[in-house]
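Visitor: Test case, fold it:
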Amino acid sequence: MGLHGPEVDEAYRSFQAADLDKSGNVSFDELKKVLKATVAKTQKDDVLDRYARYEFQSVDLNHNNNVDFYEFLQVYAAVKGKLKGI
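Guide: Reported below is the predicted structural model:
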């Protein structure tokens with residue numbers, strides 16, 4: 001996955017903040033807000049949207065437009081890794 005200790009803790013806190021209804025899931029829009037506030041602060045919205053949408057769709061296998069924490073971690077790590085190289 002590529003995340004370690006403090007990064008996983010940061011991701012968990014971000015997930016909890018995004019999960020306003022405490023359902024244990026976040027939507028794509030909620031995920032994008034979290035990524036913009038954490039790992040993609042300086043990225044243009046269109047770049048973030050492209051990476052986030054691709055990664056979100058790759059883990060949202062049941063196509064319900066929500067991801068749980070473990071799916072969220074995969075997206076968070078992937079987007080963080082991709083944007084690090086830009």
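
Visitor: Surely Leu73 touches Leu3?
Guide: Yes. Between Leu73 and Leu3 there is a contact under C-beta atoms under 8 Å: 6.7 Å. (C-beta placed from N, C-alpha, C; glycine too.)

Visitor: Give the residues shared as contacts by the two.
Guide: Ala11 (C-beta atoms under 8 Å, 6 or more residues apart in numbering).

Visitor: So between the two, which is more surrounded?
Guide: Leu73 (20 against 16; other C-beta atoms under 10 Å).

Visitor: May I ask which helix or strand encompasses the residue nearest to the more buried one when sequence neighbours are not counted?
Guide: Spatial nearest neighbour of Leu73, chain neighbours left out: Ala11 (5.8 Å); criterion: C-beta to C-beta, 6 or more residues apart in numbering. Per DSSP states H and E: Ala11 is located in helix 5-18.

Visitor: What's the first helix or strand after that helix?
Guide: Per DSSP H and E, the first helix or strand lying C-terminal to helix 5-18 is strand 26-27.

Visitor: Just the mean pLDDT for that following strand, thanks.
Guide: If you average the pLDDT over strand 26-27, you get 90.

Visitor: Give me the distance from that strand to the chain's centre.
Guide: Offset of strand 26-27 from its chain centre (C-alpha atoms, centre = their mean, to the nearest Å): 9 Å.

Visitor: buried stuff in stretch 33-51?
Guide: 34-36, 38-40, 43, 48-49, 51 (16 or more other C-beta atoms under 10 Å).

Visitor: Those residues: which two are farthest apart?
Guide: Thr38 and Asp49 (15.6 Å; C-beta to C-beta).

Visitor: so Arg53 sits right up against Leu31, yeah?
Guide: No. With contact defined as C-beta under 8 Å, Arg53 does not count as touching Leu31 (9.6 Å).

Visitor: Could I get the CA-only coordinates of stretch 25-40 as CSV?
Guide: Once non-C-alpha atoms are left out, stretch 25-40 reads as follows in CSV (Å, rounded to 0.1, in the frame of the first residue of the first chain):
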residue,chain,number,x,y,z
ASN,A,25,-18.3,5.0,3.9
VAL,A,26,-17.4,8.1,2.0
SER,A,27,-18.6,9.3,-1.4
PHE,A,28,-16.4,10.4,-4.3
ASP,A,29,-17.0,14.0,-3.5
GLU,A,30,-16.2,13.6,0.1
LEU,A,31,-13.0,11.7,-0.8
LYS,A,32,-12.0,14.4,-3.2
LYS,A,33,-12.4,17.0,-0.5
VAL,A,34,-10.2,15.0,1.9
LEU,A,35,-7.5,14.5,-0.8
LYS,A,36,-7.5,18.2,-1.6
ALA,A,37,-7.1,19.1,2.1
THR,A,38,-4.3,16.6,2.7
VAL,A,39,-2.2,14.9,0.0
ALA,A,40,-3.1,17.2,-2.9
